[in-house]
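>>> let's see this in three dimensions:
(one chain, ligands or ions: 2)
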Amino acid sequence: MAEKKYLMVASLQLGRTYSCYAFSTRHEFKEDPLKIHVNPVWKTNQYMSMSTPTCLLLNKDKEFVAFGYEAENEYAEVILDGETDDYYFMKSFTTLLHNNKDVTDDMIIKDVTGKTLPASEVFRLSIKYLVSHLIQTLDKRGEGVGHEDLKWVLTIPSSWTETAKHIMKLSAEKAGIQSDHLVMVPESASAYIYYQTLRSQDNKQKQQDGAEYMVVNLGGFAADITVIKRQNDKLIESYHTTDNSCGSTFVNKQFFHIFDEISGESVMKNLKENDPLFYLDIEREFEAVKRSIDSEMQRKISLSIPIVALDKIQKFTECLRKIKHLKYLNGNIAVGLLGKVFRAQLDMLIAATEHEERMADEQKGINSKRCRESR
Ligand SMILES: Nc1ncnc2c1ncn2[C@@H]1O[C@H](COP(=O)(O)OP(=O)(O)O)[C@@H](O)[C@H]1O
Ligand SMILES: [Mg+2]
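Ligands and ions are numbered 1, 2, ... in the order given. Here you go, the predicted model:
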């Protein structure tokens, strides 16, 4: 039977830290394969981003309340109202599927308070949210594309077992995506194809058969390192590993660790428990600042902290004034320590990539030796 001519391809990503979607129409793809639309930006008070945190809020009847930034906002209110027992809040829940050989169809996810839910239901509700968000976006754009005309792509990391992929596929189907409209594509292969398309548009030479590329996917919790080889016009994953020591969220952790060092752990803990909205503001402010930094940047980096939060944590502000490398100016803190926050992660990332390169080379050496011996 001839392949159905879909009018649009929509791709969903339920990442470990952030989730998002993108789409491309058939006629635009024909004109320019790189004409890909991402979802309209998700916003917080501090910044806008093209993805939203992978977190889900359900009520006590396990019904959907919110996803992403909205779920974070609403859960902060829930904490303030002392109603955490009446809600389920799950964050970064796809982490469970990574490098986990013990994944089962009936696995359980714990929310932040320890209450349990079937993982497949958490995935279903999250995918359903992304799907309906996308459909709304298409409606607003006047695209008029129905489910029948959509081909769905779920991008997944290479570290997932077949069972993990199966759970996600079933969850997507239960979320309303028809199984014959759905394909699961490794993230590394998507990045590789995107890069190759870009190269071919730049009139660069097409990749030779047998050539290998290392795709290093830097996420919030890990660096996924994959070696992809093109052989007889097929893509083969010749090597894959995950380095769990160099995710970008560790930079944020390091930053909060410095706050703890300055103010004492209990001050920040107290703020998190008693003023979760302010704590969230600080987390998001740092995330925004982190994303704005590039390697060429020479100027001082400013971090705005809500003045109310500063007032609430008296002890913290007193400590700040004592610290030499921090200048406290009308609620803005110019941080000279920021380099320290990034350095450790960067060193680990470089070491991990070099190590994997050596491993891949050694592996190749072993394989070619075996080949020679078997001749
Ligand atoms: N411009 C940027 N500079 C530094 N870190 C970034 C930038 N954009 C995103 N990040 C970080 O990348 C991580 C998210 O990566 P992403 O691939 O979206 O998520 P996932 O972990 O779900 O795969 C987050 O920790 C985020 O802080
Ligand atoms: Mg990612």
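
>>> close to ligand 2, is stretch 47-56?
No - shown here: stretch 47-56 not in contact with ligand 2 (Cβ under 5 Å from the ion), separated by at least 8.6 Å. From N, CA and C alone the C-beta is placed, and that goes for glycine too.

>>> I'd like the average pLDDT over that stretch.
Stretch 47-56 comes out with an average pLDDT of 92.

>>> can you give me the helices in the stretch 1-150 of the chain?
Along the stretch 1-150 of the chain, the segments classed as helices by DSSP state H, counting those that start in this stretch run 26-31, 69-80, 119-141.

>>> and residue 266, how close does it get to residue 148?
Using Cβ to Cβ, to the nearest Å, residue 266 is found at 57 Å from residue 148.

>>> which residues does the closest residue to ligand 2 within the chain contact?
The nearest approach of the chain to ligand 2 comes at residue 219, 3.8 Å away (Cβ to the ion). Residue 219 sits next to 15-17, 247-248 when contact means Cβ atoms under 8 Å, 6 or more residues apart in numbering.

>>> angles on the backbone of it, please.
In terms of degrees, to the nearest 10, the main-chain angles of residue 219 are phi -110, psi -170.

>>> secondary structure element for the closest residue to residue 4 other than its chain neighbours?
Spatial nearest neighbour of residue 4, excluding adjacent residues (Cβ to Cβ, 6 or more residues apart in numbering): residue 151 at 8.0 Å. Secondary structure from DSSP states H and E places residue 151 in strand 150-156.

>>> if I pick residue 285, what's in contact with it?
Residues in contact with residue 285 (Cβ under 8 Å, 6+ apart) are 46, 303-305.

>>> likewise residue 94?
14-16, 54, 123.

>>> from those residues, which is closest to residue 291?
Each of those was checked against residue 291 using Cβ to Cβ; the closest is residue 15, at 15.5 Å.

>>> still on that earlier bit, got the CA positions of the strand holding residue 151 in CSV?
Taking Å, rounded to 0.1, in the frame of the first residue of the first chain, the C-alpha atoms of strand 150-156 are listed here in CSV:
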residue,chain,number,x,y,z
LEU,A,150,-0.7,14.5,10.9
LYS,A,151,2.3,12.2,11.2
TRP,A,152,3.6,12.2,14.8
VAL,A,153,7.2,11.8,15.8
LEU,A,154,8.3,11.1,19.3
THR,A,155,12.0,11.7,19.8
ILE,A,156,13.6,9.4,22.3
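
>>> ok, back up a step: which among the contacts of residue 219 end up buried?
Using 16 or more other Cβ atoms under 10 Å as the burial test, the contacts of residue 219 include 15-17, 247-248 as buried.

>>> picking that back up, which of the contacts of residue 285 are close to ligand 2?
Contacts with ligand 2 within the contacts of residue 285, counted by Cβ under 5 Å from the ion: none were found.

>>> can I assume residue 238 sits in a strand?
Yes - looking at residue 238 with DSSP: H, G, I helix; E, B strand; the rest coil, it is inside a strand.

>>> who's in contact with it?
Applying Cβ under 8 Å, 6+ apart, the residues contacting residue 238 are 212, 227-229, 360.

>>> how near is it to ligand 1?
22 Å (Cβ to the nearest ligand atom, to the nearest Å).

>>> got the buried residues for stretch 144-156?
145, 149-156.

>>> stretch 216-236 too?
The neighbour-count check on stretch 216-236 (16+ other Cβ under 10 Å) flags 216-217, 219-230, 235 as buried.

>>> among those residues, which are in reach of ligand 1?
Restricting these to those within reach of ligand 1 (Cβ under 6 Å from any ligand atom) leaves 219-221.

>>> save those residues as TSV, and put in pLDDT too.
Conversion of these to TSV gives the following (pLDDT from 0 to 100):
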residue	pLDDT
219	94
220	95
221	92
